[in-house]
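Enquirer: After the sequence you'll find the predicted model.
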Amino acid sequence: MQLREKLRQIPLDLMASWAIAKKDMVIYYLRPNIIVSGILFPLFMFLAFAIGSIGGGSSQAPQGASEIAQLGALIPGLLAITVLFSASSIEPVSIPIERRMKTFDRLISAPMSLQALVFGESISGFLYSVGIALIPLAIGIIFFGNVIIAPFALAVALCLASLCFSSMGTLFAAYPTENVGEVMSMLNLVRFPLIFLSGVFIPLSSLPGWGQVIAYFSPLTYTSDLIRFGYGATSHLSPYVDTVALLAFIIAFQAFGNYLYRKFNE
Amino acid sequence: MPAPAIEADNLSKRYGQIQALNGVSFTIPEGEIFGYLGPNGAGKTTTIRILTGITQPTGGTARIFGHDIIAETIESRRHMGIVHETSNVYDDLTAWQNLIFTAELYHVPKAGRDGWAKELLETFDLLGRKDDLAHGFSKGMKRRLTLAMGLMNHPRLLFLDEPTSGLDVQSNLIIRRVIRGLADEGVTVFLTTHNIEEANLTCDRVAIIDHGRIAAVDSPERLKKTIQSVQSVEVGFDRLPDELRNGRCPFPSVNAMRKEGDKVRFFTDDPSVVIPAVIAYADREHLKVLSLTTYGPSLEDVFIRLTGLDAAGKEEGRGLSCS
């Protein structure tokens, strides 16, 4: 394709991506399995860690100001896993369903690039995640008195992490199956360990050496770190490093996703 | 001279050890209705996937209105409408939303878009259900909506994969009427179907593909002329003599015979020889001839002859050879 043709195609691709994203919003946002995976699951994870950290395993409920503050300190972690689970939950549900219904054939035969298809699918997860992230953000501010010190950094963290994890979800959904459970199982094999190996609820410094090495290969590490920076907490890395790392993960997931969709179409 | 709608040149496709397509070539001029017939697994779907840019061939080239489908996939697709074999509408969208989503994917300008969508819904008798979710539609309605979606971008070339398979009479009639209308407007139609009679009635030319190779490409009538040996004479007697009932054919000029209900069908190269022989036989055996009809070869006969597909059905019935 000539350069001029490629440039002419960019706005058309973006329009097609947006059409795909809008379609996903209408059809999939309120699906029960997406609500469970994207909203309820992070909430229960938070509650589990909250009870564990405050109650110390006893039946004693948090009552004093210090307990409230302790819970508030868990909010950045809750925010990180909410973004992880909500952003990566749309495409692993929508794409296998579309394969089963053969509507995916419509998308792969439309006059747009494969990048536009992968990007459009990712946008729906991105927007879903940004919307859902507002819930723990509001809970933190209203109920636990969280103060956001660097709102711009927090906004960057939420946006980049949402796009990163939605791209990850789209990447996993490239696996050529019509069964949602198969994609979700593979995805959960990655998502669950990430929670424990990315400094979300367990500080990186408390991880064993091998765990700390693995943590640097996890986009959740940089998400969690940048969110903490937004809340004014001590961050492990520079916010610039976190930002660049998340951008690199987005590019890698999109590119690898493109490759896999092309390969599996054959 | 305008570029043909489709130029397939020596297309091949290999999946591992399986050679799905092997040197497939054909050219379809603009405005033609082209039938693509073949048994299951012959390579029809692979051909469509290559021509629509979903799959890349392992050999050969394909051009859509002069655009190489590999190098200029998106430009090629702009001219196409694709109606897949499955009625792949979005069940959770209304008929209207399905059409508008398609329009957005194909970059149909907003000006005139709504009017065209409404016209399509009217054509396919769906306007009254415009705001209903497709989930509640019957099979025929979904098929009509699928076809409407395929026309949303005013394609110059329409791929129709089994458009009328298993549909109710109303949907069949509407879809056939639309296909005829498209031909009148100069739209090229690439039609795959198992319904050979449909291809016979609809198509300007047909290709028969078998085991990944094109066995024949021509107009239905010319293809039929290639197998004159399957002309036949169908005779109804007032009673069926034991000789015929037991499959013993008394006529040397008959190649094969088949009992069809209360009638007998004699396959021959030359019906004019068989007819007097049948009359003479009836006189000799004191039989009354209740009916006598001659048939030319059908496109189905051509298909069976070229694909050798008659193993279970046809050959069993026709297996009373007279030679």
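Expert: Received it, and whenever you're ready, just let me know what you need. Predicted, not measured: the structure shown is a model, and the values here were computed from it. Residues are numbered from 1 along each chain as shown, chains lettered A, B, ... in the order given.

Enquirer: switch to C-alpha atoms for all contacts and neighbour counts from now on
Expert: Fine.

Enquirer: thinking B:Asp238 is in contact with B:Val289, fair?
Expert: Yes. With contact defined as CA atoms under 8 Å, B:Asp238 and B:Val289 form a contacting pair (6.6 Å).

Enquirer: So which bits of stretch B:230-246 are buried?
Expert: B:Val230, B:Gln231, B:Ser232, B:Val233, B:Glu234, B:Val235, B:Gly236, B:Phe237 (16 or more other CA atoms under 10 Å in any protein chain shown).

Enquirer: The stretch 151-300 of chain B: strands as residue ranges?
Expert: Under the criterion DSSP state E, counting those that start in this stretch, the stretch 151-300 of chain B contains strands at B:157-161, B:188-192, B:205-210, B:213-218, B:231-237, B:254-260, B:263-268, B:289-295.

Enquirer: And the second one, what does it pack against?
Expert: If I follow you right, that is strand B:188-192. strand B:33-37, strand B:157-161, helix B:169-184 (3 or more CA pairs under 8 Å, 6 or more residues apart in numbering or on different chains; DSSP states H and E).

Enquirer: Mean pLDDT, distance to chain A and mean neighbour count for those - can I get that in JSON lines?
Expert: Compiled in JSON lines, the helices and strands packed on strand B:188-192 are given as follows (pLDDT from 0 to 100; distance: least, CA to the nearest CA, whole Å; neighbours: other CA atoms under 10 Å in any protein chain shown):
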{"stretch": "strand B:33-37", "mean pLDDT": "92", "distance to chain A": "20", "mean neighbour count": "25"}
{"stretch": "strand B:157-161", "mean pLDDT": "93", "distance to chain A": "12", "mean neighbour count": "24"}
{"stretch": "helix B:169-184", "mean pLDDT": "85", "distance to chain A": "20", "mean neighbour count": "16"}
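
Enquirer: Using JSON lines, please lay out those together with distance to A:Gly72.
Expert: Formatted as JSON lines, the helices and strands packed on strand B:188-192 follow (distance: least, CA to CA, whole Å):
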{"stretch": "strand B:33-37", "distance to A:Gly72": "67"}
{"stretch": "strand B:157-161", "distance to A:Gly72": "59"}
{"stretch": "helix B:169-184", "distance to A:Gly72": "62"}
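
Enquirer: Which of the ones you listed sits closest to A:Tyr231?
Expert: Of all the helices and strands packed on strand B:188-192, it is strand B:157-161 that lies closest to A:Tyr231, at 56.1 Å by CA to CA.

Enquirer: And the closest one, how far out from the chain middle?
Expert: 12 Å (CA atoms, centre = their mean, to the nearest Å).

Enquirer: what does the stretch 1-150 of chain B have sitting close to chain A?
Expert: B:52-56, B:71-78, B:86, B:88-90, B:92-93, B:101, B:104-107 (CA under 8 Å from any CA of the partner chain).

Enquirer: Can you say which of those residues are buried?
Expert: Judged by 16+ other CA under 10 Å, buried ones among these: B:52-56, B:72-78, B:86, B:88-90, B:92-93, B:101, B:104-107.

Enquirer: Go through stretch A:253-264 and flag the buried ones.
Expert: Neighbour-count burial for stretch A:253-264 [16+ other CA under 10 Å]: A:Phe253, A:Gln254, A:Phe256, A:Gly257, A:Asn258, A:Leu260, A:Tyr261, A:Arg262.

Enquirer: Show me what it is in contact with.
Expert: Stretch A:253-264 is contacted by residues A:114-115, A:118-119, A:164, A:167-168, A:170-172, A:174-176 when judged by CA atoms under 8 Å, 6 or more residues apart in numbering or on different chains.

Enquirer: and if we set it to 7 Å?
Expert: A:Leu114, A:Gln115, A:Val118, A:Ser167, A:Met168, A:Thr170, A:Leu171, A:Ala174, A:Pro176 (CA atoms under 7 Å, 6 or more residues apart in numbering or on different chains).

Enquirer: Quick check: the farthest pair among those residues?
Expert: A:Gln115 and A:Pro176 (17.4 Å).

Enquirer: wait, doesn't A:Pro239 sit right on A:Arg228?
Expert: No. Using CA atoms under 7 Å, A:Pro239 is not in contact with A:Arg228; the gap is 9.7 Å.

Enquirer: Compare the two and say which one has the larger neighbour count.
Expert: A:Arg228 (28 against 21; other CA atoms under 10 Å in any protein chain shown).

Enquirer: Pop out the phi and psi values for the more buried one.
Expert: phi -60, psi -40 (degrees, to the nearest 10).

Enquirer: Is A:Tyr175 in a helix, a strand, or coil?
Expert: Using DSSP: H, G, I helix; E, B strand; the rest coil, the secondary structure recorded for A:Tyr175 is coil.

Enquirer: Tell me how many other residues crowd it.
Expert: Neighbour tally, A:Tyr175, other CA under 10 Å: 19.

Enquirer: any idea how far it is from chain B?
Expert: Using CA to the nearest CA, to the nearest Å, A:Tyr175 is found at 17 Å from chain B.

Enquirer: for A:Met112, same thing?
Expert: 6 Å.

Enquirer: Report pLDDT for the residue in the stretch 101-250 of chain B that chain A sits nearest to.
Expert: The nearest approach of the stretch 101-250 of chain B to chain A comes at B:Leu105, 5.0 Å away (CA to the nearest CA). Looking at B:Leu105, its pLDDT stands at 95.

Enquirer: Many thanks, have a good one.
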